[in-house]
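Peer 1: below are the sequence and a predicted model; questions follow.
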Amino acid sequence: MKKINIVLFGTGNVGSKLINQILEAREILRQKEGLEINLPVIANSSTAFFQKENQQASWEADLTNFGFPYRLEDILEYVHNEGYENLIAVDATASEQFVDNYNELIHAGFHIVAANKVANTRSSQFYARLRETLLEHNKYFLYETNVGAGLPIVETLRNFHRTNERVTRVRGVFSGSLSYIFNTYCEEEKTFSEVLTEAGDKGFTEPDPRVDLSGKDVARKLLILGRELGLKKEFEEISIQDLVPKHLNGQSTLKNFHRNKKDLDPIFLKLKKDLKQDEVIRHVGELDLQTGALDVKLVKESRTSAFGSLQNADSSFEIFTESYGKQPLVIKGAGAGAAVTARGVLTDLVKLAEKLH
Ligand SMILES: NC(=O)c1ccc[n+]([C@@H]2O[C@H](COP(=O)([O-])OP(=O)(O)OC[C@H]3O[C@@H](n4cnc5c(N)ncnc54)[C@H](OP(=O)(O)O)[C@@H]3O)[C@@H](O)[C@H]2O)c1
């Protein structure tokens with residue numbers, strides 16, 4: 001039986017779902033894949049729980065009752081002393097700083113699986129250096145959920161790139177929250193601020209919806225895909241349409257934004273009124289491999305197109321390549337959500353296990 005040992009960093013929406021999915025799938029993975037997944041360490045930003053035996057009871061209770069404040073070195077020493085092999089660090093944090101630990105983790109013998117996008121969107125120098133370190137230590141780094149959550153976008157593009165299939169353009173409705181907002185706004189007689197509030201109440205937007213409206217998250221995903229296809233771009237080179245008016249942007253408080261979010265209404269009403277009868281507004285990211293341009297913007301789409309017919313918080317990606325010609329390969333479905341993201345991380349873990357001895 002092949003064994004992998006996972007140290008999980010982050011027990012929020014995605015991390016907690018991942019633990020539960022691993023526990024539920026454990027027996028099937030043993031029987032069908034001949035794979036044993038152990039979770040010797042679970043950690044959040046302040047507390048870690050080390051276990052000697054396989055998870056039996058509630059991990060939440062164990063983390064609360066037996067967790068303790070930790071440093072990364074404590075974890076590295078523990079897994080070393082216990083002689084764990086096939087170590088994989090899962091980054092299910094949303095932390096800017098956590099990726100600074102990747103180097104140390106790789107040196108200590110870990111492969112990495114990340115839902116966190118930060119490592120792939122820092123400078124291209126950091127990006128290249130990380131890959132060099134992985135290569136030097138013969139370690140793998142998988143991050144399918146960085147774009148489109150559980151949808152197979154990164155791997156599809158990587159496979160095209162590896163096999164010399166020329167990708168000419170990638171377009172996508174990358175953001176589940178902005179998909180919901182514009183799908184709803186274009187269908188219903190509600191003001192933009194009402195739809196925005198509704199999206200927040202349903203848990204689609206970030207606690208601060210300006211994170212979504214600024215377009216930065218979509219830009220990060222676009223950069224990840226561009227780099228996957230060999231583009232040497234920096235985040236600052238992406239053209240981003242920021243949907244937050246200047247007087248409500250990050251310089252002002254969230255409270256002030258909510259108090260004045262009605263100021264967005266006339267802006268979006270004008271866009272809506274300018275639409276032809278069969279048109280809708282969509283928030284897209286576009287990557288043109290011929291010019292190297294990366295764009296995050298609002299576009300008008302026909303209601304019957306792949307993007308125009310989207311519903312709820314679904315994402316859709318169109319990949320144009322030489323062999324596919326004018327008709328792109330389309331990948332569509334839930335592009336966000338903790339359950340689909342955790343399943344994507346688990347898939348990365350199983351794929352990584354296949355590569356190990
Ligand atoms: N949700 C989705 O649909 C989706 C889709 C694709 C990718 N992702 C990515 O998945 C990641 C996790 O998302 P989430 O929604 O689960 O976030 P979340 O609910 O905010 O959880 C983040 C977790 O990370 C922990 N954490 C923060 N800094 C840490 C550190 N330095 N060391 C160890 N743990 C640390 C937090 O600990 P505390 O509780 O102690 O603060 C928390 O448990 C994010 O990077 C997100 O962008 C999410």
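Peer 2: Here it is on my side, so go on. Quick caveat, the model's predicted, so the values are computed rather than measured. Numbers count the residues shown, from 1 in each chain.
Peer 1: C-terminal to the helix or strand of the chain with the lowest mean pLDDT, what's the next element?
Peer 2: Ranking every helix and strand in the chain by mean pLDDT, DSSP states H and E puts helix 59-66 at the bottom, with a mean of 85. Proceeding C-terminally, helix 59-66 gives way to strand 68-69 as the next helix or strand, assigned by DSSP states H and E.
Peer 1: neighbouring strands - and their directions - for that following strand?
Peer 2: Strand 68-69 has the following sheet partners, assigned by DSSP bridges: strand 47-50 (antiparallel).
Peer 1: which parts of the strand it pairs with are buried?
Peer 2: Buried residues in strand 47-50, counting neighbours by 16 or more other CB atoms under 10 Å, are found at 48, 49, 50. The C-beta positions use only the backbone N, C-alpha and C, and glycine is treated the same way.
Peer 1: bridge partners for the last one, pull those for me.
Peer 2: Each beta-bridge partner of residue 50 is listed here, defined by DSSP bridges: residue 41.
Peer 1: now do the strands in the stretch 201-350 of the chain.
Peer 2: Secondary structure of the stretch 201-350 of the chain by DSSP state E, counting those that start in this stretch: the strands cover 239-240, 279-288, 293-302, 314-321, 329-334.
Peer 1: and those: which comes nearest residue 155?
Peer 2: strand 329-334 (10.6 Å; CB to CB).
Peer 1: for that closest one, buried residues please.
Peer 2: Going by 16+ other CB under 10 Å, strand 329-334 has these buried residues: 329, 331, 332, 334.
Peer 1: make TSV out of those residues and add pLDDT and distance to the ligand.
Peer 2: Formatted as TSV, the buried residues of strand 329-334 follow (pLDDT from 0 to 100; distance: CB to the nearest ligand atom, whole Å):
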residue	pLDDT	distance to the ligand
329	96	21
331	96	15
332	95	16
334	90	9
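Peer 1: quick one, what contacts the residue nearest to residue 168 when sequence neighbours are not counted?
Peer 2: Excluding the flanking residues, the one nearest residue 168 by CB to CB, 6 or more residues apart in numbering is residue 320, at 4.9 Å. Applying CB atoms under 8 Å, 6 or more residues apart in numbering to residue 320 gives the contacts 167, 168, 169, 170, 171, 326, 328.
Peer 1: tell me the bridge partners for residue 320.
Peer 2: Where residue 320 sits in a bridge, its partners, by DSSP bridges, are residue 169.
Peer 1: of the buried residues of strand 329-334, closest to residue 299?
Peer 2: Distance to residue 299 across the buried residues of strand 329-334 (CB to CB) is lowest for residue 332, with 16.9 Å.
Peer 1: looking at it, that closest one is touching residue 319, isn't it?
Peer 2: No: the pair residue 332 / residue 319 is not scored as a contact, 11.6 Å apart, by CB atoms under 8 Å.
Peer 1: quick one: buried residues of the host helix or strand of residue 103?
Peer 2: If you go by DSSP H and E, residue 103 is part of helix 102-107. Buried positions in helix 102-107, judged by neighbour count with 16+ other CB under 10 Å: 102, 105, 106.
Peer 1: before we move on, back to that, need the buried residues of strand 47-50 in TSV with distance to the ligand and pLDDT, can you?
Peer 2: TSV is the format used below for those (distance: CB to the nearest ligand atom, whole Å; pLDDT from 0 to 100):
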residue	distance to the ligand	pLDDT
48	8	96
49	12	94
50	14	93
